[in-house]
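Colleague: return a 3D structure for these sequence lines:
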Amino acid sequence: MTKLTFLYMLLLFGVTSVYASHGQDHPLMPFAGKYKFQPGSHVPEADISILDSTRLQVLSSAGTATLVRAEGDLFVFVEYEGTAEFVRNSDGKVVSIKVKVAGLDMEGTKEAGKAVLPLHPMRTLPFDLQN
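Modeller: Numbers count the residues shown, from 1 in each chain. Sure, this is the predicted structure:
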């Protein structure tokens, strides 16, 4: 039993290490994070995480949506008619988002914190975004 537990822990550590080392290189990593919208917006905040190699997932009080890159920093909502455009500062870091969906125009500011990269369809692994 001890050997089995040791092998399981070794395998889990190995898989976690592989994802951690590649997570910061994920092409969608700059967009992942928590965004706070202006007071009075339809949605006060949204968490954007990496769904897979080509899609982002948006989770807010209004529900869940999927974003697919159209070009550059412009993404389209799969489920709705609308767009999300990420804005970068002079250093090239994503600092805000402009959302146009269902007749609403909202602007949100990215907060420093953690991003979420998929480890398995049912599990996620947090990554620090303050680098």
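
Colleague: pLDDT weak spots in this structure?
Modeller: Scanning the chain with the threshold set as pLDDT under 70 gives 1-24, 113-131.

Colleague: how about the helices in this protein?
Modeller: Under the criterion DSSP state H, the chain contains helices at 2-23.

Colleague: residue ranges for the strands of it, please.
Modeller: 33-37, 45-50, 55-60, 63-71, 74-77, 82-88, 94-101, 104-111, 114-120, 123-128 (DSSP state E).

Colleague: redo the ones you listed as a markdown table? Include mean neighbour count and distance to residue 25.
Modeller: Where C-beta positions appear, they are placed from N, C-alpha and C, glycine not excepted. A markdown table is the format used below for these (neighbours: other C-beta atoms under 10 Å; distance: least, C-beta to C-beta, whole Å):
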| stretch | mean neighbour count | distance to residue 25 |
| --- | --- | --- |
| strand 33-37 | 20 | 17 |
| strand 45-50 | 20 | 12 |
| strand 55-60 | 18 | 16 |
| strand 63-71 | 14 | 17 |
| strand 74-77 | 18 | 20 |
| strand 82-88 | 17 | 18 |
| strand 94-101 | 18 | 16 |
| strand 104-111 | 16 | 19 |
| strand 114-120 | 17 | 10 |
| strand 123-128 | 14 | 11 |
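
Colleague: do I have it right that residue 34 meets residue 47?
Modeller: Yes - with contact defined as C-beta atoms under 8 Å, residue 34 reaches residue 47; the gap is 5.3 Å.

Colleague: could you measure the residue lying closest to residue 75 once chain neighbours are set aside against residue 103, distance?
Modeller: Spatial nearest neighbour of residue 75, chain neighbours left out: residue 67 (4.0 Å); criterion: C-beta to C-beta, 6 or more residues apart in numbering. Distance, residue 67 to residue 103, by C-beta to C-beta, to the nearest Å: 18 Å.
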